[in-house]
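Participant: A structural model of the following input is requested.
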Amino acid sequence: MTCQHSLLFLFLSGFAALYVAEICKTNLLKGTSCTIKLQTRNTDKSNEIKWVHLSSDVVIHRKNRWMRKNIPGLTMEEDGSLTFESVSLKNSGRYRYTVFNDVGTQIDAGEKEIKVYAKALKPTVKINCTVGNATLTCDFGDRTDLTVSWYKEDNIIQNENNPTLLLTSAQVQENKPYSCSVSNPVSKEQSDSITVSCEGVPDPTGEGDPDPHKELFGHLCMSKL
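Facilitator: Next up, the predicted model:
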């Protein structure tokens, strides 16, 4: 092996040694690769390790260093930790591990919970005008994992997880830009800002501006009197 190749080998070996798989956080973005560490000091004494996904009863089981059943996308590491190739929404839930010694006696156990979320998508703001007032609706589909916030000129004005915002006619006449954002524990997206205008919208009550012809006729009648 040449000196150059030796240096390259040493560099790659050092890089591999420094690489550590990402530890699974409680809240995860869909598609993340990570590992749930086995929180035990008894792996050197273990003969059997079992992981159970309590939400689906999926079991990852290793005994005498042999996997009893392979689960696509899941791998049990040498130290008994559980690695996800790419987490999906169905992977959410609690995972319980149990460790047994060579005579079948339980020597350790524990749990870890993960929650997987899809990325928030950019919402849109819809406007509905009624008698000069306006109702703004933050449209983000049928997602139930998202929290809504409202902004006026980039300043938050409502953070009550309400997809609608009511504006009085006075607020509408201010001609200020409004926007909404949607978020979950792993992502956030904000809509484009819009300036609300209710001009030209007919008044359904019929109590809007008076008919100019009726007004003129009234003035003429009054002048004859």
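
Participant: how near is the closest residue in space to Cys129 that isn't next to it in sequence to Glu85?
Facilitator: Leaving out its chain neighbours, the residue that sits closest to Cys129 by Cβ to Cβ, 6 or more residues apart in numbering is Cys198, at 3.6 Å. C-beta coordinates here come from the backbone N, C-alpha and C atoms, glycine included. From Cys198 over to Glu85 the distance is 52 Å, taken as Cβ to Cβ, to the nearest Å.

Participant: got it, and Thr130?
Facilitator: Per Cβ to Cβ, Thr130 is found 52 Å from Glu85.

Participant: what does Arg143 give?
Facilitator: Distance from Arg143 to Glu85, by Cβ to Cβ: 25 Å.

Participant: mind listing what the residue positioned nearest the centre of the chain touches?
Facilitator: Central residue of the chain (Cα atoms, centre = their mean): Asn184, 3.5 Å from the mean position. Neighbouring residues of Asn184 by Cβ atoms under 8 Å, 6 or more residues apart in numbering: 117, 120, 145-147.

Participant: Got the confidence number for it?
Facilitator: Looking at Asn184, its pLDDT is 98.

Participant: Does Arg94 touch Lys112 like I think?
Facilitator: Yes: in this structure Arg94 lies within contact range of Lys112 using Cβ atoms under 8 Å: 7.2 Å.

Participant: For those two, indicate the residue with more neighbours.
Facilitator: Lys112 (16 against 12; other Cβ atoms under 10 Å).

Participant: which residues does the more buried one contact?
Facilitator: 24, 36, 39, 94-95, 97.

Participant: how about 6 Å then?
Facilitator: Lys112 is in contact with 36, 95, counting by Cβ atoms under 6 Å, 6 or more residues apart in numbering.

Participant: now it, which residues is it bridged with?
Facilitator: Tyr95 (DSSP bridges).

Participant: okay, now the domains of the chain?
Facilitator: According to automatic domain parsing, the chain comprises the domains 19-117, 124-195.

Participant: The ones you listed: lowest mean pLDDT?
Facilitator: When the domains of the chain are compared by mean pLDDT, domain 19-117 comes last with a mean of 90.

Participant: Please state the offset of the helix or strand containing Val99 from the chain centre?
Facilitator: Using DSSP states H and E, Val99 sits in strand 93-100. Distance of strand 93-100 from its chain centroid, counting by Cα atoms, centre = their mean, to the nearest Å, is 26 Å.

Participant: distance of Cys34 from Lys119?
Facilitator: From Cys34 to Lys119 the distance is 16 Å (Cβ to Cβ).
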